[in-house]
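> below: sequence and its predicted model.
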Amino acid sequence: MSDTTTNEHPSHLLDRVVIRFAGDSGDGMQLAGDRFTTSSALLGNDLATFPDFPAEIRAPAGTLAGVSAFQVHISDHDISTPGDAPNVLVAMNPAALRANLDILPPGATIIVNVDAFEERNLAKAGYETSPLADGSLSSFSVYEVPMTSITTEVSKDAGVKPRDAERSKNFFALGLISWLYTRPLEPTAAWIEERYEGKPLVKEANLRALKAGFHFGETAELFESSYEVRPAELAPGEYVNITGNTATAWGLIAASTRSGLPLFLGTYPITPASDILHELSKHKQFGVRTFQAEDEIAGIGAALGASFGGALGVTTTSGPGLDLKSEMIGLAINLELPLLIIDVQRGGPSTGLPTKTEQADLLHAMYGRHGEAPVPIVAARTPSHCFEAVLEAARLAVKYRTPVILLSDGYLANGTEPWRLPDVDDLPRIEPDFATGTNHVDDDGNPVFWPYVRDEDTLARPWAPPGLSGLEHRIGGLEKQDGSGNVNYDGANHERMTRLRAAKVAGIASDIPPTEVDDPDGGAEVLVIGWGSTYGAIAAGVQRTRARGHKVAQAHLVHLNPFPSDLGEVLSRYKRVLVPEVNLGQLSRLLRAEFLVDVVSFTQLRGVPFRAASLESAILELLNAHGVGSVPGDPSEGAPPTELPDGEFPANGKGGHR
Amino acid sequence: MTDLAHAHPHDAGGPTPVAVTTRKDWSSDQEVRWCPGCGDYSILAAVQMLMPELGVRRESTVFLSGIGCAARFPYYMNTYGLHSIHGRAPAIATGLATTRPDLDVWVVTGDGDSLSIGGNHLIHALRRNVNLTILLFNNQIYGLTKGQYSPTSEVAKVTKSTPFGSLEQPFNPLSLALGAEASFVARTHDMDRKHMMETFRRAHDHHGSSFVEIYQNCNVFNDGAFEAITGKEHRSDMLIPLVHGEPIRFGADGEHGVVLRPDGTLEVVSVAGVGEDALLVHDEHRDNPGLAFQLSRLSRGPYEPTPIGVFRDVDRPEYGDEMSRQVDGVVERRGVGDLAALLRSGSSWKVG
C-alpha cells in the first residue's frame, strides 16, 4: 500500500476491497450495489458480485427475514470470487447489521444508518441494547452516519414529501461509498437522469441524496482518508459486466444466429431463472419467440414442438420445474430432437431455498427419468461462461439430435463479472443439416424417408421438420423400429435402440476437449476437481495453498455427461483427488462409479458459494492427513502468508470453513 | 429472418399447385390397430376422405396426439405426425403452430387425455386461440387402460375402478371450451360421416383454435353410450342440428324446437304449441358466448335431445399471428438484430 494525496484528503491505495451493502428488501440495496459495480467496472477494476436476497418480496420491514444484501469484490488484479468476507459493511438498519455480523472479520469497517437504530428497529432485530452503545462492536471500526435525516433534509426545498425523500437513502449510501473508494458519481448520475426521466421529483431526490452522500464523506471528517483501487491488468479488449442469466440469454441468441435456427423459448416463471425469459423477450429483433406457458410442462412441451418444426427449442427452469419437465425430456430422448433445457439450480428439495444457490441437480440431470434415458450435460462455471456453455449445449443438441441439460445456478444467475467480449465472427457455427430427401429404398425399390436411419459417425438421426414432400413421417414416445421408426415392441429391437441411444450420447466424448488441468509447477500429487459455479472459489482456494508452497492441481468439468475421454487417466495421475461441491457429493459418486477412484468429497450447502478459505482448509487438511504434496512443517498451523492472492483472511486451521 | 419457415431449405422454391389426391394418399402404410368395431375407424375414414377436399398438402399437415386409444391416430395418416405424452399435445402443438404458421396442425385427443391429465393445456390453448384443429374423441371411458371411468363418465358409473359407482360430476366438454374462451366450438358423432366431414371442414377452415367434440363409441368398455341419441332410429328426435341463421328445430317433421325463455334459459318445445316465429334462431357468430353455453347444456346427457353442429364460430386474433406481428414490428422498428451490437448494448469499456 502506498499513500497518495488528492486535493485535500489523503487517499490510500488498496489492491482490493469487498463491500457489502445490506438493508431491508425495500431499501434498494441491490440497486446501490449494482450501480457501485458499474462504476467500478468502468474504472477498469476486476470484480465479482454476489447478490444475496430473501425469497419474500417484502418481508416485514426491519426484520432479519427481510434483509437483502449485495456483495461486491473489486480489485486491481485478477480475482475469481465475490470475496469470503466483507471489508466494509453498509448496514441500513439494525437487522442488516445483525444478519451480517458473523461474516465480518475483526477490523472490518461498519457504516450504519444511525437514524434507523431506534428502539423499535432494535427490538425487531432482536437487540435488547443498541450494539452501537454496548461495546459489542469494539473489534470493528464503526461509523455512525445519519443517512435518513440528511437524505430527507437535502430534498426539503425540492418539493419532495419527506416520506418519499427518505427512499433515496440508498443513493446517499452509494454516494458515501463512492467517495470512500474514489468512484466518480457521473455514471450513476447519468443513469438516474435516464431512469427517472418521467419522474422529476424522484430524479431530483435521488441525485441530491447521491451528491449529499459523497459530500458527507468529504466534509464530515469522520473518515481519516479515502481509498483507491486501481484498474486491474485485464487482457486487452472490450468488456461488459454481465450476470449469468444475461450471458445465458445472449448465448441463446448467439446460438440462433450462428445456426440460422429461429429461437423459441417455452418457459414458466420461476426464481432464479425468470431473468433469462425477461432478457430474451426484449430482443425480438433477432426473431426470438418467447412463450410464457401455463406451466413448466407446457413450457418444455412447446419448446419441443418448436424443435419438431425446425426451430431451436429451449426451456428454462429451476428446482421443482426440472422435476415437472422430466417426462417431456424422456419424450425428446425418444424423438431424438434437439432441445435445450437450462436448469438454474437452487436449494431443494421441493420449494427449498428459492433465492439461494446450490448444485444438487446433477444426479437428477443424469438419472432423473424412467427407463434408460441418457442426456448430455453441460455446466457453466462463471457468470460470463454461461454464454459459451449455452453455445456448446446448443451445438451438441443440434449435432446429435438430443435434449441437452445445461446446468447453471442461482449464484451464476445473479452474480456478475467483467466479460471480455468475443469477436462474433469467431463464435462456432452450428450446422442444422436438415434432411433434404429420401434416405432409404423400400422392398419395392421405391425411395422412401426413414426417420431413424443414423449417421455413421454421430449415430444421430435425420432432422426433417414438416414441409418437405416425400419426407412425411410419424414419430412418438413408443419404441421405434430401428431405421423405419415404426412402432415396434420387439425385445431385441428395444435393446438395440436403447444401446444406440446410449452409444450416441457416450460418443460425444470424442467430440469435446480433453480435461484441462492447471498444474503450473507440475508434479502435484493432489488434484482438486469441481464443476459449475464452484470454479472461482476452488481456483482461489488452490491459489492460496500454492501461495503456502504446496503443489496442487486444479481441473474443472464443463462436460458432465459424457465426461472427457481422458478423465479417468487424469484422475489416476494423482495420489488424492478432492471434489468440492455444493451438494452431498454428487460428482464424487459419478467419478467413483465411472472410474473406481477413491475421491474425497468436500461438501457444504448453505445457500451461498464456497469461501476460498473453506477450500483452502479442506485442501490443507487433505495434504496433512495423507502426507502428500506437503511442505516442511505443518502449514495449517504455521504463520499465514501475508499476501493472499484472493479472499480476505487466511484460513485459521482445520475446519475453518463456514 | 423472422419467419421460422425461412430456415428450411424447401422454402426456396415458392408455391406449386396442390396436387389432386385421394383418400389413399392420406393413409399411411401402418395397419390400423383399434378394436374391431371401434368408433375411431369411422372418424379416421371421415378425416382421410375430407383431406383431399381441403386443398391442402400432406407435407404441410401435422397430426399431433397425446396418449390413449385416439392418440394412435397420427400413425395412420400419411402426413407428418407426432404421438407424444399423456395430455400434453396442445402444449407441443402450441410451440409448433406458433413457429410454423405455414402448417395445418391437428390435435387428436380423448376425454381422459384432454379433460383429465391435460385439462390445463387444453383450456390455455383455447384461451390463446392458437391455430389448432382439436378433435376430442369422447367415449366417456378410459379405453387404453381397460375400462376405468373418465372425467366425462356419468355419475354413479360402475367401472373396474368404481365397482360401487363413480362419485364425480362429469365435465361438459363444450361448456368447458366455451368457458375457456374458445372461438370455435362444435359437436358431431361417429355414426354420421357426412356430418363429421362437414364439421371437420368448418373446424379446419376456422383461423384460431377449433374445438370439436366427437361422440365416439367404445364398443368394448362403454358400448352404446350414445346409442339413445345417435342410433339411426333415434336421431331425428334426439339430435338437434344447429344451422346458422335458421330456427333451431328437429324431429322427423321439424315438430320440435328450442325457445329462449324470459328467464334466459332454453327450452325444448313443440313448434305447434309456440309457433315457428317463437323459435330461437341460431347465430354462430354472436360475440357473447352465453347462448352457445346454454345450448351446450340443453341436454343433461346422451339420453335427452342434444344439439350437434357448430355452436360458436367467432373471429378473434390468433396467437401465432400476434406473436409474428410483434416480432415483425420490432424488426421493422429496430432492424434485424445484430449480435455484435447486442453484446455492446450495456455499458462496455475498453482495455488496452
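Thanks, I have it.
> what is the neighbour count of the closest residue to residue A:192 other than its chain neighbours?
Of all residues not flanking residue A:192 in the chain, residue A:206 sits nearest, at 4.9 Å (Cβ to Cβ, 6 or more residues apart in numbering or on different chains). Just so you know, the C-beta spots here come from the backbone N, C-alpha and C atoms, and that holds for glycine as well. For residue A:206, the neighbour count with other Cβ atoms under 10 Å in any protein chain shown is 31.
> likewise residue A:196?
Other residues close to residue A:196 by other Cβ under 10 Å number 16.
> so for the spatially closest residue to it that is not a sequence neighbour, what's the pLDDT?
Closest residue to residue A:196 apart from its sequence neighbours, by Cβ to Cβ, 6+ apart: residue A:203 at 3.7 Å. Here the pLDDT value assigned to residue A:203 is 95.
> that older thread, contacting residues for the residue nearest to residue A:192?
A:168, A:171, A:192, A:196 (Cβ atoms under 8 Å, 6 or more residues apart in numbering or on different chains).
> also residue A:479?
Taking Cβ under 8 Å, 6+ apart, one finds A:334, A:487, A:488, A:489, A:493, A:494, A:497 in contact with residue A:479.
> downstream of the helix or strand hosting the first one, the next helix or strand is which one?
Using DSSP states H and E, the secondary-structure element containing residue A:334 is helix A:320-335. Sequence-wise, the next helix or strand downstream of helix A:320-335 (DSSP H and E) is strand A:339-345.
> could you look up the SS state of the residue of the stretch 101-250 of chain B found nearest chain A?
The nearest approach of the stretch 101-250 of chain B to chain A comes at residue B:124, 4.0 Å away (Cβ to the nearest Cβ). State at residue B:124, reduced to three classes by DSSP: H, G, I helix; E, B strand; the rest coil: helix.
> neighbours around it, how many?
Neighbours of residue B:124 (other Cβ under 10 Å): 19.
> list the contacts for the nearest residue to it once chain neighbours are set aside?
Computed as Cβ to Cβ, 6+ apart, the closest residue to residue B:124 that is not its neighbour in sequence is residue A:294, at 4.0 Å. When contacts are counted by Cβ under 8 Å, 6+ apart, residue A:294 touches A:268, B:91, B:120, B:121, B:124.
> is it true that the third one lies in a strand?
The reference is to residue B:120. No - assigned with three-state DSSP, residue B:120 falls outside any strand and is helix.
> give me the distance between it and residue A:294.
To residue A:294, residue B:120 is 5 Å away according to Cβ to Cβ, to the nearest Å.
> same deal with residue A:381?
34 Å.
> and residue A:457, by the same measure?
Residue A:457 is 40 Å from residue A:294, by Cβ to Cβ.
> and if you look at residue A:96?
From residue A:96 across to residue A:294, the span is 39 Å (Cβ to Cβ).
> tell me who's in contact with the residue of the stretch 201-350 of chain A found nearest chain B.
Relative to chain B, the nearest point of the stretch 201-350 of chain A is residue A:236 (2.7 Å; Cβ to the nearest Cβ). By Cβ under 8 Å, 6+ apart, the contact list for residue A:236 reads B:351, B:352.
> pLDDT value on it, please?
Residue A:236 is given a pLDDT of 94.
> hang on, the earlier thing: could you tell me which of the contacts of residue A:479 count as buried?
A:334, A:487, A:488, A:494, A:497 (16 or more other Cβ atoms under 10 Å in any protein chain shown).
> nearest to residue B:262 among those?
residue A:487 (57.1 Å; Cβ to Cβ).
> can you count the residues close to residue B:278?
Using other Cβ under 10 Å: residue B:278 sits among 14 other residues.
> right, and it touches residue B:262 too?
No - using Cβ atoms under 8 Å as the test, residue B:278 is too far from residue B:262 to be in contact (11.9 Å).
> next, residue 106: secondary structure please.
No chain was given, so I picked chain A. Assignment for residue A:106 (three-state DSSP): coil.
> think we crossed wires, I meant chain B
Put simply, residue B:106 is strand when judged by three-state DSSP.
> ok, it touching residue B:60?
No - using Cβ under 8 Å, residue B:106 is not in contact with residue B:60; the gap is 11.7 Å.
> compare the two (neighbour count), which wins?
Comparing residue B:106 with residue B:60 by other Cβ under 10 Å, the one with more neighbours is residue B:106, at 26 against 21.
> show me what contacts that one?
B:61, B:62, B:63, B:64, B:132, B:133, B:134, B:135, B:204.
> and those, which is closest to residue B:328?
residue B:132 (21.8 Å).
> and residue 329, what does it touch?
Since no chain was named, I'll use chain A. Residue A:329 touches A:300, A:339, A:341, A:369, A:373, A:375, A:403, A:405, counting by Cβ under 8 Å, 6+ apart.
> and the pLDDT for it?
For residue A:329, pLDDT reads 98.
> do residue A:240 as well
At residue A:240, pLDDT is 93.
> tell me how many other residues surround whichever residue of the stretch 401-550 of chain A sits closest to chain B.
Of all residues in the stretch 401-550 of chain A, the one sitting closest to chain B is residue A:476 (2.9 Å; Cβ to the nearest Cβ). Counted with other Cβ under 10 Å, residues neighbouring residue A:476 total 23.
> for residue A:457, same thing?
The number of residues packed near residue A:457 is 9, by other Cβ under 10 Å.
> cool, and residue A:595?
17.
> surely it is in contact with residue A:566?
No - with contact defined as Cβ under 8 Å, residue A:595 does not reach residue A:566; the gap is 11.2 Å.
> quick one: contacts for residue 87?
No chain was given, so I picked chain A. A:17, A:18, A:19, A:105, A:108, A:109, A:648.
> you looked at the wrong chain, it should be chain B
Residue B:87 touches B:66, B:67, B:113, B:114, B:116, B:117, B:118, B:119, B:121, counting by Cβ under 8 Å, 6+ apart.
> contacting residues around the first one?
By Cβ under 8 Å, 6+ apart, the contact set of residue B:66 is B:84, B:85, B:86, B:87, B:88, B:89, B:109, B:110, B:113, B:114, B:117, B:118.
> so what pLDDT did the last one get?
Per-residue confidence at residue B:118 stands at 98 (pLDDT).
> returning to that earlier point: CSV for the contacts of residue B:66, including secondary structure?
Putting the contacts of residue B:66 into CSV (three-state DSSP) gives the following:
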residue, secondary structure
B:84, coil
B:85, coil
B:86, coil
B:87, coil
B:88, coil
B:89, helix
B:109, strand
B:110, strand
B:113, helix
B:114, helix
B:117, helix
B:118, coil
